[in-house]
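Asks: would you be able to build a 3D model of this:
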Amino acid sequence: MKRWVLLAVGIVLILIGAVWTGQGAGWITGSFMTGAKLWFLIGLLCLIAGIGLVFTTLRRPRAKAE
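Replies: Model (predicted):
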């Protein structure tokens, strides 16, 4: 898979995870997810997965063009 695709997926996971974590913690209101511990945990998992994906994508050496 191309690096930019993995990087984009990681960034999207970080953004979604941050919003879901904020809603689950009650920091962002106006949704059925507000204050729900389940959405806090799901958001936290997405956030951690996104950070890991971005980190590993940026640390992997670039493939040499042949």
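
Asks: so where's this protein uncertain?
Replies: Across the chain, the ranges flagged by pLDDT under 70 are 1, 63, 65-66.

Asks: which stretches of it form helices?
Replies: Using DSSP state H, the helices of the chain run over residues 3-25, 37-59.

Asks: I'd like those helices laid out as a markdown table, including mean neighbour count.
Replies: (Glycine included, C-beta is placed from N, CA and C.) As requested, the helices of the chain are exported to a markdown table (neighbours: other CB atoms under 10 Å):
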| stretch | mean neighbour count |
| --- | --- |
| helix 3-25 | 16 |
| helix 37-59 | 15 |
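
Asks: quick one: contacts for the spatially closest residue to A18 that is not a sequence neighbour?
Replies: Among residues not flanking A18 along the chain, L47 sits closest, at 5.9 Å (CB to CB, 6 or more residues apart in numbering). Shown in contact with L47 (CB atoms under 8 Å, 6 or more residues apart in numbering): 13-14, 17-18, 21.

Asks: try 7 Å
Replies: When contacts are counted by CB atoms under 7 Å, 6 or more residues apart in numbering, L47 touches 14, 17-18, 21.

Asks: returning to that earlier point: what's the closest of the helices of the chain to S31?
Replies: S31 lies closest, by CB to CB, to one member of the helices of the chain: helix 3-25, at 5.4 Å.

Asks: other SSEs contacting that closest one?
Replies: In this structure, helix 3-25 packs against helix 37-59, with contacts taken as 3 or more CB pairs under 7 Å, 6 or more residues apart in numbering; DSSP states H and E.

Asks: what separates the helix it packs on from the chain centre, distance-wise?
Replies: 4 Å (CA atoms, centre = their mean, to the nearest Å).

Asks: tilt between it and helix 3-25?
Replies: Computed by axes from the mean of the first three to the mean of the last three CA atoms, to 10 degrees, the angle separating helix 37-59 from helix 3-25 equals 160 degrees.
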